[in-house]
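Asker: Got a predicted structure plus its sequence, pasted below:
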Protein chains: 2
Amino acid sequence: MTGVLAVEAANAALYAAFEAGDVDLMESVWDVVDPDQLVCVHPGWPMLRGRAAVLRSWSAVMAGTDYIQFFLTDVQVDLQGAVAIVTCTENVLTSVDVGANATVVATNVFVLRAAGWRLRVHHGAPVLGRLSE
Amino acid sequence: MTGVLAVEAANAALYAAFEAGDVDLMESVWDVVDPDQLVCVHPGWPMLRGRAAVLRSWSAVMAGTDYIQFFLTDVQVDLQGAVAIVTCTENVLTSVDVGANATVVATNVFVLRAAGWRLRVHHGAPVLGRLSE
């Protein structure tokens, strides 16, 4: 399973890990090749680089989140050989204050490894209210 | 020229086009294959999909910008075969109010075509003051 469905499953695993606060699942979602080049942008945050910093940030974010649920809409998978660019809108329901609203647009870039699709970049950006459509 | 230097040049062309308000150069930066899958997120905006919508947005943004200059820092090129994931911080100097500050983190995904590297995704996200490092 290497096509669009597999990519969608890998993408869903990212959000399932966050919802469950599952550090092990979160670790398995991210790539292990050239780990210094992994990138994560949480909404409103500066860029984090490197597997260690990225996973540490997720542990902190998940530890600070009592409840969160994602409803993904407008999911698009752009397959370019062994790279898959997933773009989607995250409609977030959470107990944590996430700003003016809880709509985030995300770009998630996966690379196909022997074990399956692994995440190299997660980039979440807040949709600011005054500019929402 | 297909390696990191070529990717960096393609990435620089995106910002040069914006700085110059050059619609033709902006059009040449973006890919033409599967044009419906092109994605652009301006900081704070919802996601725009498709070459026509993306280029229209750039024309509007550039028409509304008297002066803008980018100082890119922390530029990383993650080469994955014929796909290049560029991540960087945009330090923006502009006459337009761009919010609480003018630091944007960007993910730009390029694909190698016969004519060179072409942009499929530009995702810019505001770094919000309260979360800056």
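Answerer: Perfect, I can see it now.
Asker: So which residues on chain A come close to chain B?
Answerer: Within chain A, the positions near chain B by C-beta under 8 Å from any C-beta of the partner chain are A:34, A:37, A:39, A:41, A:43-47, A:49, A:74, A:76, A:78, A:80-83, A:85, A:87, A:89, A:99, A:103, A:105, A:107, A:109, A:111, A:120-121, A:123-128, A:130-133. No exception for glycine: its C-beta is placed from N, CA and C like everyone else's.
Asker: Mind exporting the C-alpha coordinates of whichever strand or helix holds residue A:105 to CSV?
Answerer: Residue A:105 is part of strand A:103-113 when elements are defined by DSSP states H and E. This file holds the C-alpha atoms of strand A:103-113, laid out as CSV (Å, rounded to 0.1, in the frame of the first residue of the first chain):
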residue,chain,number,x,y,z
THR,A,103,-9.0,26.9,12.0
VAL,A,104,-5.5,25.8,10.9
VAL,A,105,-4.2,25.2,7.4
ALA,A,106,-1.6,22.5,7.2
THR,A,107,1.1,21.2,4.8
ASN,A,108,2.4,17.8,5.7
VAL,A,109,5.2,16.3,3.5
PHE,A,110,5.7,12.6,3.6
VAL,A,111,8.5,10.5,2.0
LEU,A,112,8.1,6.8,1.1
ARG,A,113,10.4,4.5,3.1
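Asker: List the buried residues in it.
Answerer: A:103, A:104, A:105, A:106, A:107, A:108, A:109, A:110, A:111, A:112 (16 or more other C-beta atoms under 10 Å in any protein chain shown).
Asker: And stretch A:47-63, by the same measure?
Answerer: A:47, A:48, A:49, A:51, A:54, A:55, A:58, A:61, A:62.
Asker: could you say what helices and strands the helix ranked longest in chain A packs with?
Answerer: As assigned by DSSP state H, the longest helix anywhere in chain A is helix A:4-20. Helix A:4-20 is packed against helix A:23-29, helix A:51-63, strand A:68-80, strand A:83-94, strand A:103-113, strand A:116-126, with contacts defined by 3 or more C-beta pairs under 8 Å, 6 or more residues apart in numbering or on different chains; DSSP states H and E.
Asker: low-confidence ranges in chain A?
Answerer: A:1, A:97-101, A:130-133 (pLDDT under 70).
Asker: Repeat the analysis, applying 80 as the threshold.
Answerer: A:1-2, A:95-101, A:129-133 (pLDDT under 80).
Asker: how close does residue A:67 get to chain B?
Answerer: According to C-beta to the nearest C-beta, to the nearest Å, residue A:67 and chain B sit 21 Å apart.
Asker: That residue touches residue A:95, doesn't it?
Answerer: Yes - counting by C-beta atoms under 8 Å, residue A:67 does reach residue A:95; the two are 4.4 Å apart.
Asker: tell me, what's touching the two both at once?
Answerer: Taking C-beta atoms under 8 Å, 6 or more residues apart in numbering or on different chains as the contact rule, residue A:67 and residue A:95 have no neighbour in common.
Asker: so the nearest residue to residue A:49 once chain neighbours are set aside bridges to which residues?
Answerer: When the adjacent residues along the chain are set aside, residue A:49 lies closest to residue A:39, with 5.8 Å between them (C-beta to C-beta, 6 or more residues apart in numbering or on different chains). Applying DSSP bridges to residue A:39 yields these beta-bridge partners: residue A:49, residue A:121.
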